[in-house]
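A.B. asks: what follows is a predicted protein model with its sequence.
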Amino acid sequence: MREVLTHSTESNPFASEAIKDVMDLCLSCKGCKAECPSNVDVGKMKAEFLQNYYDSKGIPLRTRMIAHYNNLNKVASLLPRAYNFWFGTKLTGELSKKLMGFHPKRSLPELHKQTLRKWANKHLNRLNQAITQKKGQVFFFADEFTNYNDTPIGIKAIELLTRLGYEVILPNHAESGRTYLSKGLLKDAKKIAQKNVQLFSMLVQADKPLVGLEPSAILTFRDEYIDLADADWRPKAEALAKHTFTIEEFLAQEVDRGNITAEQFTTEKRLIKLHGHCHQKALSSLVPTKKILSLPQNYEMHLIPSGCCGMAGSFGYEAEHYELSMQIGELVLFPTVRNQPEEVIIAAPGTSCRHQIKDGTQRLALHPVEVLWRALAP
Ligand code: SF4
């Protein structure tokens, strides 16, 4: 890339098909950010490259559609049953996917019948008021995937937090911007990052942290937002990042403080196999997840020694990447999941990882908070 950029004769050296071809196969999993001895962050370079490339060549329709996932879902969520029927029916679904550049064999994420925000408007006050022994307050980040698709997981997370004694506050915030970041639309992502930094830096404090379910969304506060925030807001973005946690990190801290104990959970025996999210491995750790999933007295958690699941946001949906995506899944993840007896719980915090496991093995994977919600003592 350096060679092409240095010797290019183009007015915009980024308008290079050669670099685009190379970058096309990067999944933006951030594996290199954590594992490369030179700390090369190819995902970040890919995003920077694509923004510059699109500035010259224009933004393709599929890229726009994926990036505007939140806006499209806002409209589609007015008629979620019709949307699910259309994309779930073989004829209309396959035709639409083909026209949009998605692989016909790939299932698309279904819309839930109500958004998490609508549910929270009806139920959150009641759950907060039912807390008998309050241990603290948390701001909850209703990312675009949890809000529209994984609503039941968001509900269980809020129920789990309030049952454990934490008042949940759901501010009216912007989406995470992950879909723009993964497609290289950094100018749009910057506006979203700035909005979230401005809002949450006024609210979030050490004793009122921000927590989120989807690693690729909540961890943007600790990674890309610090680069994207306006220069005069960067110190605030850095301070905010220090109090922003995945829900597993938050719960594990509370276990360490003695605020959450094994007595609050079942004594039933269960084995859990965990597939970690790439961004979680690169920017956080799987240790907090191991801690909380091993908290119920007779729960045991083993890590699946997998790398990226192969879905990587929209990558595995795209027609030209589908076969490669499934090949990546077949390396370790799919065979390991297929070999597990029915009673073993498969856990994966990433929404696209769970989707990939479903498409590749027909097994249902749970978010770690769903596992803990099920394990709550009556
Ligand atoms: S696929 Fe992942 S590890 Fe490979 S270059 Fe891209 S971000 Fe880095």
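C.D. replies: The structure has been received and is ready for your questions.
A.B. asks: hmm, Val4 is touching Ile19, no?
C.D. replies: Yes: because the distance of 5.6 Å satisfies C-beta atoms under 8 Å, Val4 is recorded as touching Ile19. C-beta coordinates here come from the backbone N, C-alpha and C atoms, glycine included.
A.B. asks: for the two, indicate the residue with more neighbours.
C.D. replies: A count of neighbours by other C-beta atoms under 10 Å puts Ile19 above the other of Val4 and Ile19, at 22 against 15.
A.B. asks: any idea how far the residue lying closest to Gly43 once chain neighbours are set aside is from the ligand?
C.D. replies: Once flanking residues are discounted, Gly43 sits nearest to Ser28: 3.8 Å by C-beta to C-beta, 6 or more residues apart in numbering. Distance, Ser28 to the ligand, by C-beta to the nearest ligand atom, to the nearest Å: 5 Å.
A.B. asks: so Ser28, which state does it fall into?
C.D. replies: At Ser28 the chain is in coil, as set by DSSP: H, G, I helix; E, B strand; the rest coil.
A.B. asks: show me the contacts for it.
C.D. replies: Val42, Gly43, Lys46, Ala47, Leu181, Ser182, Ala312, Gly313, Phe315 (C-beta atoms under 8 Å, 6 or more residues apart in numbering).
A.B. asks: contacts for stretch 37-51 next, please.
C.D. replies: 1, 14, 19-20, 23, 26, 28-30, 32-33, 181-187, 224, 227.
A.B. asks: which ones among those residues map onto strands?
C.D. replies: The members of these all map outside strands under DSSP state E.
A.B. asks: quick check on the residues you listed: which are buried?
C.D. replies: 1, 14, 19, 23, 26, 28-30, 32-33, 181-186, 224 (16 or more other C-beta atoms under 10 Å).
A.B. asks: show me the strands in this protein, by range?
C.D. replies: Counting by DSSP E, the strands of the chain are 136-141, 166-169, 210-212, 244-246, 270-274, 299-303, 345-347.
A.B. asks: redo the contacts of Ser28 as JSON lines? Include distance to the ligand and pLDDT.
C.D. replies: Shown next, in JSON lines, are those (distance: C-beta to the nearest ligand atom, whole Å; pLDDT from 0 to 100):
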{"residue": "Val42", "distance to the ligand": "3", "pLDDT": "94"}
{"residue": "Gly43", "distance to the ligand": "4", "pLDDT": "94"}
{"residue": "Lys46", "distance to the ligand": "7", "pLDDT": "96"}
{"residue": "Ala47", "distance to the ligand": "10", "pLDDT": "97"}
{"residue": "Leu181", "distance to the ligand": "12", "pLDDT": "97"}
{"residue": "Ser182", "distance to the ligand": "11", "pLDDT": "96"}
{"residue": "Ala312", "distance to the ligand": "8", "pLDDT": "96"}
{"residue": "Gly313", "distance to the ligand": "11", "pLDDT": "94"}
{"residue": "Phe315", "distance to the ligand": "9", "pLDDT": "97"}
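A.B. asks: burial check on Asn196, number of neighbours?
C.D. replies: Neighbours of Asn196 using other C-beta under 10 Å come to 24.
A.B. asks: for it, give me the pLDDT.
C.D. replies: According to the prediction, Asn196 has pLDDT 98.
A.B. asks: begin at 34 from now on, thanks
C.D. replies: All right, first residue 34 from here; so that's Asn229.
A.B. asks: that one: what's it in contact with?
C.D. replies: His206, Ala207, Ser209, Gly210, Phe254, Tyr258 are the contacts of Asn229 under C-beta under 8 Å, 6+ apart.
A.B. asks: residues contacting Thr299?
C.D. replies: With C-beta under 8 Å, 6+ apart, Thr299 has these contacts: Pro329, Gln330, Asn331, Ala408, Leu409, Ala410.
A.B. asks: are any of those residues buried, and which?
C.D. replies: Pro329, Ala408.
A.B. asks: would you list the contacts of Thr299 in CSV and tack on pLDDT and distance to Gly393?
C.D. replies: Converted to CSV, the contacts of Thr299 look like this (pLDDT from 0 to 100; distance: C-beta to C-beta, whole Å):
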residue, pLDDT, distance to Gly393
Pro329, 98, 28
Gln330, 97, 33
Asn331, 98, 30
Ala408, 98, 26
Leu409, 97, 30
Ala410, 93, 34
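A.B. asks: of the contacts of Thr299, which is the nearest to Gln227?
C.D. replies: Leu409 (38.2 Å; C-beta to C-beta).
A.B. asks: would you mind giving the domain segments of the protein?
C.D. replies: 35-91, 149-283, 294-408 (automatic domain parsing).
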